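Asks: Sequence plus predicted model, see below.
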Amino acid sequence: MGISEGLALVFLSTFPRIFLTRPAQVIEANAGLAWFAVIVSPFAILLPILLLLYVFRRVEGDLYAVTRELIGKWGAWAVSLVLIMMFLSDAAILLRLFAENTLLTALPFMPLETAIAWYVFNAVILCYFGIECIARTSYFLLPLGTAGLFLVLVGLIPFYDLNLLGPWQGRGFGQALITGVTWSSINYGVILLFVLGPAFQNLRTIKWAALFGLGGSSLLKALSTFAFTIVFGAKIALEKNLPFYEMARTIYINRYIQRIDALFIVVWVIAGVISIAINFYMAGYLIARMLNLSTYRPFIVSLSLLVVGASLLPGEIITVILLDVKLFSTLHIAGLYGIPLLLFGATIVKGRRKKPWTNG
Amino acid sequence: MDKRLKMIALLLLLSLFVAGCNGAREIDEYAYIMTIGFDTAPNNQYVITYRIATGKGQSNRIGQSQETNFINSFVSPSRLEAENRLNAVTAQRPNLNHLKVIVVGEEFAKQGIGDILSSMLRYHAFRDSVFIIVARGTAKDFMEKNKPQTENLPSIWLEMSMASNDETGYFLRSNLYSFFMRLKTTGGAPYASYVALNPLDLEPKPAGEREAGARTAPYYAGGPGRSGGNPAEILGTAVFAGDKMVGILSNEESRAVSIMTGEFRNGYITLDDPLIPKTRIDVNLRHHSKPSIKPSIVDGIVTFDVKVLLSADIINIPSGINYESLEYVDLLEHQLTNIITNQLEKTLTRTQQLGTDVVGFGLYTRTLFDNYDDYDQFNWYEVYPTAKFNLDVIVKIRRTGLLHKTSPFKRADSK
């Protein structure tokens, strides 16, 4: 795969939370400076990316192979298990939230289980066809989805009021930096480039895919958060469950151009399905690598059933939203920063220097 | 099987499920609520009135007999309970997806409408674009007697009328979005368009004295002398302190507010001829640029420097004086500037007396603070009545229509 596929995968795995409650939570923490906190996040992620690039320049293979080389089989298993938990828990939370929100916004009479089944069914099909299929589908849909988002932002121009951004320091730059760093874990998806390693052309491909994918996704997220703030203001914005949906349904150009939220729902359903499929694939891929199997496919259905079971565990949506924050401020942040630090430390200790890999 | 064939088979299978209609319900299985009215009722209850589209007669020529809608009213402790009862009356399931207008009776509005509106924030069918209006008397009465002559549905009449406020500025348009924004951000007071039934007796009932130099008196809805047509009319604005209605702004006060918010587009104004006051001049006042509002704190008092720039087109000069010429145009501009300045000043004083920042000056005070928590502590409701305003109004005559030089008629008494 090339830069296009890589950036599409990173974009789709780091972007979907803009459609969920995250923007409202960032605004609650930072008021008018929420957009800045979102901008800070990708810069924080540069550290693990740089560390992993350093490691991968010296040891060849995918993340499992590199870890095994540096810290042994059991170390590689432990790292893989952490990553599997990160991908699967993310899948379970996304699955539940997107299914719940489908009921909330479009199909109020559909049973939750049916909505979940539909998401999983589509994600499993995508996953079955493999990562290249997911990546190219993502790359194909990326401009369409992005155009849809811009359409919403343009349609909201009559509602923009820059005064709502004030007081301009929000709850302070320090607070924005803290939020930006602690919540940077929602961008953990960038690590998939290293998990897949040689599936990409070379390290340069990974580097640019990470920068473009993460940069594009973060820029759009910051822009959306900025727009959300100047449309609703901090006081109302923090109440909203689905900020982007609320923005789409606010659009009223005239009697004929209004109520366009139904079109927008399609965009976030697609983003949700692809993101869940990426998580399934990554978990399946890592299990296959741990067990030294040639294919991940036998695991897809059982993994999806596991995720469905986990997603249905919380009794109500508030618990899921809280769990999302809790998981990403513990497990995902530990995995995102801990694993690269561990591998970097091991590389330094072993002092290895090899010609970097390439698959041509 | 070949991978491509599998793919095609899969897509064909999926196409069966993308045809929509997940609930397997036809559109005639729903009772589409177009308007909801709220009034007070004894024992802590509400009278809730629904106007429901029948789905018939929409394509008929106007005046044909098929009923396009019907009205049901319920006494209920809540809106949702009223919808349960509506479900018991209509064979169809009540559906709010096409709701256009919420009508609130004046008495109800004075008691506070936050209670009923807050439930609407949670439910996706209540879009932010749903208009809010306050009706003099009861909402039920207004809805029953509102019989538009050019639209099949009264809700369409209301929606189109709301869009037409650009033509006059004589009322302020409000919807769920703007109402809640103002209610919760405390950056400005909520408001709603004011509607009433005109007695159609050709008897004008002005809301006050006309401005010096102006030809027309201010009115509330129901006040202008007229006869014929639909008795329902929209004129003026109901203003709120928090969620309680505390007063009404006349059509001229509403226009003054819309000039200061920058929402004013254009509207006619009739004034005394500066040189022959017994005759009049008609001009079309136009939005020129968004007003500049700059807050500051002077001697501990929040002060706003408000700069308003309007343009005007001459429509009619019955006196025949050549006001297009540079020699006279200043006189006309001066007269217009005085009228507008007085209207803005009086409107601001009135809103300060009512304790309602209808213009939304509170939003501009955000720039006086660096930190959101400090701003959050600031009680704008207390400060607004003591705020000071420095008005700088400029009205420029920009165009003179298809005539560039007026010459007087020859009359019997002409010299």
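Replies: Great, that's in hand.
Asks: mind listing the strands for the chain?
Replies: Here I'm looking at chain A. Counting by DSSP state E, chain A forms no strands at all.
Asks: could you do chain B instead?
Replies: B:30-41, B:45-53, B:69-76, B:93-95, B:101-105, B:131-135, B:191-197, B:232-241, B:244-249, B:266-272, B:280-287, B:292-298, B:301-316, B:388-399.
Asks: For residue B:72, give me its contacts.
Replies: B:49, B:50, B:52, B:86, B:89, B:90 (CB atoms under 8 Å, 6 or more residues apart in numbering or on different chains). (Each C-beta comes from the backbone N, C-alpha and C, glycine too.)
Asks: run the last query once more with 7 Å
Replies: B:50, B:52, B:86, B:89 (CB atoms under 7 Å, 6 or more residues apart in numbering or on different chains).
Asks: The residue in the stretch 201-350 of chain B positioned nearest to chain A pairs with what?
Replies: Using CB to the nearest CB, residue B:293 is the residue of the stretch 201-350 of chain B that sits closest to chain A, at 9.3 Å. On the basis of DSSP bridges, residue B:293 is bridged to residue B:306.
Asks: and residue B:251, how many neighbours does it have?
Replies: Residue B:251: 26 surrounding residues under other CB atoms under 10 Å in any protein chain shown.
Asks: Okay, the residue nearest to it when sequence neighbours are not counted and residue B:256: tell me how far apart.
Replies: What sits nearest to residue B:251 in space, not counting adjacent residues and going by CB to CB, 6 or more residues apart in numbering or on different chains, is residue B:170, at 3.9 Å. Residue B:170 is 11 Å from residue B:256, where distance means CB to CB, to the nearest Å.
Asks: Looking at those two, which has the bigger crowd around it?
Replies: Neighbour totals were compared for residue B:170 and residue B:256, and residue B:256 leads with 28 against 24 (other CB under 10 Å).
Asks: I figured that one was touching residue B:345, is that so?
Replies: No. The criterion here is CB atoms under 7 Å, and residue B:256 misses it with residue B:345 at 8.8 Å.
Asks: show me where the stretch 201-350 of chain A has helices.
Replies: In the stretch 201-350 of chain A, the segments counted as helices under DSSP state H, counting those that start in this stretch are A:203-237, A:243-250, A:261-290, A:297-311, A:317-328, A:331-350.
Asks: should've said the stretch 1-150 of chain B
Replies: For the stretch 1-150 of chain B, the helices defined by DSSP H, counting those that start in this stretch cover B:3-15, B:79-89, B:106-111, B:114-121, B:139-145.
Asks: CSV for the strands of chain B, including mean pLDDT?
Replies: Listed next are the strands of chain B as CSV, based on pLDDT from 0 to 100:
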stretch, mean pLDDT
strand B:30-41, 92
strand B:45-53, 93
strand B:69-76, 91
strand B:93-95, 87
strand B:101-105, 95
strand B:131-135, 95
strand B:191-197, 95
strand B:232-241, 94
strand B:244-249, 96
strand B:266-272, 91
strand B:280-287, 91
strand B:292-298, 93
strand B:301-316, 94
strand B:388-399, 94
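Asks: can I get those strands in JSON lines with distance to residue A:322?
Replies: Formatted as JSON lines, these follow (distance: least, CB to CB, whole Å):
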{"stretch": "strand B:30-41", "distance to residue A:322": "35"}
{"stretch": "strand B:45-53", "distance to residue A:322": "36"}
{"stretch": "strand B:69-76", "distance to residue A:322": "35"}
{"stretch": "strand B:93-95", "distance to residue A:322": "33"}
{"stretch": "strand B:101-105", "distance to residue A:322": "34"}
{"stretch": "strand B:131-135", "distance to residue A:322": "34"}
{"stretch": "strand B:191-197", "distance to residue A:322": "37"}
{"stretch": "strand B:232-241", "distance to residue A:322": "35"}
{"stretch": "strand B:244-249", "distance to residue A:322": "35"}
{"stretch": "strand B:266-272", "distance to residue A:322": "52"}
{"stretch": "strand B:280-287", "distance to residue A:322": "48"}
{"stretch": "strand B:292-298", "distance to residue A:322": "39"}
{"stretch": "strand B:301-316", "distance to residue A:322": "40"}
{"stretch": "strand B:388-399", "distance to residue A:322": "47"}
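Asks: and the residue sitting furthest away from the middle of chain A, what does it touch?
Replies: Taking CA atoms, centre = their mean, the residue of chain A most remote from its mean C-alpha position is residue A:255, at 36.5 Å. Residue A:255 makes contacts with B:159, B:163, as judged by CB under 7 Å, 6+ apart.
Asks: Let me see the backbone angles for it.
Replies: phi -60, psi -30 (degrees, to the nearest 10).
Asks: what's the spacing between the closest residue to residue B:243 other than its chain neighbours and residue B:108?
Replies: Nearest non-adjacent residue to residue B:243, counting by CB to CB, 6+ apart: residue B:114, 3.3 Å away. Residue B:114 sits 12 Å away from residue B:108, going by CB to CB.
Asks: Then residue B:395?
Replies: In terms of CB to CB, residue B:395 sits 40 Å off from residue B:108.
Asks: What is the neighbour count of residue A:216?
Replies: 19.
Asks: Check the spacing between it and chain B real quick.
Replies: Going from residue A:216 to chain B by CB to the nearest CB, to the nearest Å gives 29 Å.
Asks: can you check residue A:310 too?
Replies: Between residue A:310 and chain B the computed distance is 26 Å (CB to the nearest CB).
Asks: and the stretch 251-360 of chain A, which residues reach chain B?
Replies: By CB under 7 Å from any CB of the partner chain, the part of the stretch 251-360 of chain A that sits against chain B consists of A:252, A:255, A:258, A:259.
Asks: try it again with 8 Å
Replies: A:252, A:254, A:255, A:258, A:259, A:261 (CB under 8 Å from any CB of the partner chain).
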